[in-house]
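1. missing the sequence, but the structure's below:
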């Protein structure tokens, strides 16, 4: 079926550094999402992005977070600066329409030291 | 998060038996999606429902927006069905919110 690719699968960085997580969504999809899952905890919604704009964000989407998809390339989540509590697996998803099913990537495990 | 209450949190089945997983919603949802997370951590799409029921092999799902719940029935469970099952539901035009998951263990 349709695939969402996430690069890298694992990223280790020092606290305070910047990190960019990359997502290659399904080719004809228009809506993009990031979710965060801390080990042993629930999958939490971060942000929804469409037509170059943030449509919806949760309280977990801190000021240090930003998303973009320049010129139809990767959909990215940037964290600057990172904090220890940002350590988690970040899942990217995409959907064709606003009320269509989501397809998820395999996640990027972010370890902030 | 707290809009979606999933139960049970863990379930153990013997091969060949069946059971049901449930998600209750604290508000009216427009659609629900069910996933299985496999041993590698990948989320496998199982069902997407805006209403009614859908069936695929040994799995069947139902969604009742008015009564605020969705179920996932598994029959004739096999070892490879083991994993964590999640529902995710959306209301209006918001992004889906996940339940906490049901960890299913199928034993010989």
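-> On my side now, so go ahead. This is a predicted model, so every value here is computed, not measured. Numbering: from 1, shown residues only, chains lettered A, B, ... in the order given.
2. Please count neighbours and contacts with C-alpha atoms only from this point.
-> Will do.
3. contacting residues for residue 64?
-> You didn't pick a chain, so chain A it is. Going by C-alpha atoms under 8 Å, 6 or more residues apart in numbering or on different chains, residue A:64 touches A:78-82.
4. could you do chain B instead?
-> Residue B:64 is in contact with B:51-52, B:70, counting by C-alpha under 8 Å, 6+ apart.
5. Can you flag the buried ones in the contacts of residue A:64?
-> Burial by neighbour count, 16 or more other C-alpha atoms under 10 Å in any protein chain shown: within the contacts of residue A:64 this picks out A:78-80, A:82.
6. Next, format the residues you listed as a markdown table and append pLDDT, distance to residue B:44 and secondary structure.
-> As requested, those are exported to a markdown table (pLDDT from 0 to 100; distance: C-alpha to C-alpha, whole Å; DSSP: H, G, I helix; E, B strand; the rest coil):
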| residue | pLDDT | distance to residue B:44 | secondary structure |
| --- | --- | --- | --- |
| A:78 | 97 | 26 | strand |
| A:79 | 97 | 27 | strand |
| A:80 | 97 | 31 | coil |
| A:82 | 97 | 30 | coil |
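7. all strands of chain A, in order?
-> Counting by DSSP state E, one finds strands in chain A at the ranges A:5-7, A:10-13, A:19-24, A:31-37, A:43-50, A:53-57, A:65-68, A:75-79, A:88-95, A:103-104, A:108-112.
8. Dump those to CSV, plus distance to residue B:89.
-> Conversion of the strands of chain A to CSV gives the following (distance: least, C-alpha to C-alpha, whole Å):
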stretch, distance to residue B:89
strand A:5-7, 23
strand A:10-13, 28
strand A:19-24, 23
strand A:31-37, 14
strand A:43-50, 12
strand A:53-57, 15
strand A:65-68, 23
strand A:75-79, 23
strand A:88-95, 14
strand A:103-104, 14
strand A:108-112, 23
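9. Against chain B, how distant is the closest residue in space to residue A:92 that isn't next to it in sequence?
-> Closest residue to residue A:92 in three dimensions, ignoring its sequence neighbours and counting by C-alpha to C-alpha, 6 or more residues apart in numbering or on different chains: residue A:34, at 4.7 Å. Computed as C-alpha to the nearest C-alpha, to the nearest Å, the residue A:34 to chain B distance reads 10 Å.
10. Many thanks, we can stop here.
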